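Participant: this is a predicted model, with the sequence first.
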Amino acid sequence: EYLCQLQAKNGVNIGNNYQNTHGVQTFIESIAHIQRSDTAMGLQQSRFFSLAADGSTDHGVAEQESVYVRYLVAGEPVNKFLGLQEVEHSTSDGVLAAIDTVLLQHADISLETQKQKLVNVNLDGAAVNMGMYNGVGALEKQRHGPQVTVTHCINHNLELALLDLRKDEPYLAIFEKTIKGIFSFYHYSPKRGRELARVAAELDQDLAHFGGIQQIRWVASQRRALQALHKNYVATCSHFEDIASTSIKVKGLLQKLQSPKFLTF
């Protein structure tokens, strides 16, 4: 409601109707209906489609399965979020039932249509998904035939590879902890961010944004984080040198930042 009031102050003529919670709900339901209809139509018109599914837990600690579909529109692949469904049983049959429910309710995709059009299933590496005989992927192949390929999610696979790498290269954990320490140092203090910006201006350097700590959870985002640190390296070291005498933490981060091992990595 306050956004409507703000627009009115800005001189926007938004009328007098629907400016309440009930009105918002009406609009959202209408938009959702159109979005679902568009996705359902796209799936119905496509010869083939793939699906990706992933489990999560909501605030009520109920397990939910989110389902995405991928199909072609004018020869180009599009990815669409189809729906979120509570999983009654945390087994492969329970997950499969949740996926079937989403496909049927949100896109009118029956088991028969799945058999005709489903060509790929993308899942993470949990046993319930990738079990050789009774995982979700294996059950999909049993139901719909060998034309269904099962992909172990590439992002998850890459994370598992890095976990294995840590066993062979212990310094990787120290390296990541240092990166997180730098991001946390600036993310939780706007004052420090302003100080860094002043240092960069004095050095006549452009500054890349040090985002939130959640940005470096996945490998792809870790790369972006490293690119930001690479660009900000001189300014960051200069700022740390200015304030190292006031903080043992900063002094420790500075030593790691300037170490040959860190730079080589």
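Facilitator: Everything's here; your move.

Participant: buried residues in the helix or strand of the chain with the lowest mean pLDDT?
Facilitator: Ranking every helix and strand in the chain by mean pLDDT, DSSP states H and E puts helix 154-168 at the bottom, with a mean of 83. By 16 or more other Cβ atoms under 10 Å, the buried positions in helix 154-168 come out as His156. Where C-beta positions appear, they are placed from N, C-alpha and C, glycine not excepted.

Participant: how far is it from where the chain is centred?
Facilitator: Its chain's C-alpha centre and that of helix 154-168 lie 18 Å apart, by Cα atoms, centre = their mean, to the nearest Å.

Participant: packing partners of the strand or helix carrying Cys237?
Facilitator: In the assignment (DSSP states H and E), Cys237 maps to helix 219-243. On a contact count with 3 or more Cβ pairs under 8 Å, 6 or more residues apart in numbering; DSSP states H and E, helix 219-243 meets helix 154-168, helix 171-187, helix 190-202, helix 248-257.

Participant: may I have the least confident helix or strand of the chain exported as PDB, CA atoms only?
Facilitator: In PDB, the C-alpha atoms belonging to helix 154-168 read as follows (Å, rounded to 0.1, in the frame of the first residue of the first chain):
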ATOM      1  CA  ILE A 154      27.300 -30.200 -13.000                       C
ATOM      2  CA  ASN A 155      27.500 -27.600 -10.300                       C
ATOM      3  CA  HIS A 156      27.200 -30.300  -7.600                       C
ATOM      4  CA  ASN A 157      29.700 -32.500  -9.400                       C
ATOM      5  CA  LEU A 158      32.200 -29.700  -9.500                       C
ATOM      6  CA  GLU A 159      31.700 -29.000  -5.800                       C
ATOM      7  CA  LEU A 160      32.400 -32.700  -5.000                       C
ATOM      8  CA  ALA A 161      35.600 -32.500  -7.100                       C
ATOM      9  CA  LEU A 162      36.800 -29.600  -5.100                       C
ATOM     10  CA  LEU A 163      36.000 -31.400  -1.900                       C
ATOM     11  CA  ASP A 164      38.300 -34.200  -3.100                       C
ATOM     12  CA  LEU A 165      40.900 -31.600  -4.100                       C
ATOM     13  CA  ARG A 166      41.000 -30.300  -0.500                       C
ATOM     14  CA  LYS A 167      42.300 -33.700   0.600                       C
ATOM     15  CA  ASP A 168      45.300 -33.400  -1.700                       C
END
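
Participant: wait, Arg36 sits on Asp108?
Facilitator: No. Taking contacts as Cβ atoms under 8 Å, Arg36 lies outside contact range of Asp108: 9.9 Å.

Participant: who's more crowded, these two?
Facilitator: Arg36 (17 against 13; other Cβ atoms under 10 Å).

Participant: list the contacts for the more buried one?
Facilitator: His106, Ala107 (Cβ atoms under 8 Å, 6 or more residues apart in numbering).

Participant: mind checking the SS state of it?
Facilitator: Classification of Arg36 using DSSP: H, G, I helix; E, B strand; the rest coil returns helix.

Participant: likewise for Ser90?
Facilitator: Assignment for Ser90 (three-state DSSP): coil.

Participant: distance-wise, check the nearest residue to it once chain neighbours are set aside relative to Arg223.
Facilitator: Distances taken as Cβ to Cβ, 6 or more residues apart in numbering put Glu63 closest to Ser90, at 5.8 Å, once the chain neighbours are dropped. Applying Cβ to Cβ, to the nearest Å, the value for Glu63 to Arg223 is 31 Å.

Participant: look at the two and report which has more neighbours.
Facilitator: A count of neighbours by other Cβ under 10 Å puts Glu63 above the other of Glu63 and Arg223, at 17 against 11.

Participant: show me the contacts for the more buried one.
Facilitator: Counted by Cβ under 8 Å, 6+ apart, Glu63 has contacts Gly55, Ser56, Thr57, Glu86, Val87, Ser90.

Participant: the helices in the stretch 1-150 of the chain, which residues?
Facilitator: For the stretch 1-150 of the chain, the helices defined by DSSP state H, counting those that start in this stretch cover 2-9, 21-45, 92-107, 111-117, 127-130, 136-144.
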